[in-house]
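Peer 1: What shape does this take:
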Amino acid sequence: MNSNVTFNQGDIIMMNFDPTKGHEQHGYRPALVVSSDDFNVMCGGVIKVVAITSNEKDFPLHIEIPAGLPIHGRVELDHERSIDSRSKDRECKYVCSVPSEFLDEILQKLGLTYKKSH
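Peer 2: Predicted coordinates:
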């Protein structure tokens, strides 16, 4: 287990998304940690992430990663999930952190998915 590793909001990690069902992102791929640091500590390693894809398909909820980072592609806001980052099977590894301004944009847009509908 990766019991000594704590990931922070804004970190890009590599992780194993399997097992999955249907149209969920799968395989070993990058993801952006979107849950708050307090949530990550309180939940004992359970974190909320959004998948990152190299697919160039234009979609309003796919936001391009800023240039200059070791990971390229788009954050898929429609592919958010909670994972146990301390599970050995998830194979989570830190890659880098995104700029604060980019994280603010992601969190603002992600927040719209939780806006009350009625």
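Peer 1: low-confidence ranges in the chain?
Peer 2: Low-confidence segments of the chain (pLDDT under 70): 1-4, 19-27.
Peer 1: Can you report how many residues neighbour residue 91?
Peer 2: 13 (other CB atoms under 10 Å). Quick note: C-beta positions are derived from backbone N, CA and C, even for glycine.
Peer 1: The protein: helices as residue ranges?
Peer 2: Per DSSP state H, the chain carries helices over the ranges 37-42, 100-112.
Peer 1: do you know which of these lies nearest residue 87?
Peer 2: Closest to residue 87 of the helices of the chain, according to CB to CB: helix 37-42, at 14.2 Å.
Peer 1: Mind listing what's buried along the closest one?
Peer 2: The neighbour-count check on helix 37-42 (16 or more other CB atoms under 10 Å) flags residue 40 as buried.
Peer 1: just stretch 71-86 next, same as before
Peer 2: 71, 73-77, 79-80, 83-86.
Peer 1: that older thread, using a markdown table, please lay out the helices of the chain together with distance to residue 13.
Peer 2: Formatted as a markdown table, these follow (distance: least, CB to CB, whole Å):
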| stretch | distance to residue 13 |
| --- | --- |
| helix 37-42 | 12 |
| helix 100-112 | 14 |
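Peer 1: of these, which approaches residue 31 most closely?
Peer 2: It's helix 100-112; of those, that one is closest to residue 31 (CB to CB) at 12.0 Å.
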